[in-house]
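Participant: Quick check, what structure comes out for this input:
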Amino acid sequence: MLEAFGQEEQVEAFGETLTLRADFHAATVIEGALDLPFPVVAAHVRSGAVQYRVLSNVIWAFLRHHHREIKIEQVFAMVMARGEDAAKMGFALDALLERCFPSAREDRKTKNPPKRNGRSKSSAAGG
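Facilitator: This is a model prediction of the structure:
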């Protein structure tokens, strides 16, 4: 999980350049606010079926390193916003979480060997 910490993603949205940072402090803020482990929250956010409260807390925690002036209420308004800026924020968050917790890709998985039909050579030789 060490690759999860120190990752950053910048996004031009809501009239400014925002920097999301996944670090130990953000993880502890997320875990404290939601009472769930950071990797579980990250998987939940990446699933796409996430509550606005959870999403707001994650984004707020990731913004705190570079943007202490932004309040949780402002982040909730960003999450509730529709349009291009909200989409940009969503894509930036997804990119950051992908770097922190890379998803399994089909080409990374080892393939199972093909199933053999019939008897093995050793059992056929034994009769």
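Participant: pLDDT-wise, which helix or strand of the protein ranks last?
Facilitator: When each helix and strand of the chain is scored by mean pLDDT, DSSP states H and E, helix 121-125 comes last, with a mean of 65.
Participant: So for the chain, the centremost residue is which one?
Facilitator: In the chain, the centroid-proximal residue (C-alpha atoms, centre = their mean) is Leu97; its distance is 3.0 Å.
Participant: Which element, helix or strand, includes it?
Facilitator: helix 84-100 (DSSP states H and E).
Participant: now swap in His65 and tell me
Facilitator: Here His65 is assigned to no helix or strand, by DSSP H and E.
Participant: Go ahead and confirm it touches Val29.
Facilitator: No. In this structure His65 lies outside contact range of Val29 using C-beta atoms under 8 Å: 10.2 Å. Glycine gets a C-beta too; all of them are placed from N, C-alpha and C.
Participant: ok, the two, which is more surrounded?
Facilitator: Per other C-beta atoms under 10 Å, whichever of His65 and Val29 has more neighbours is Val29, with 18 against 15.
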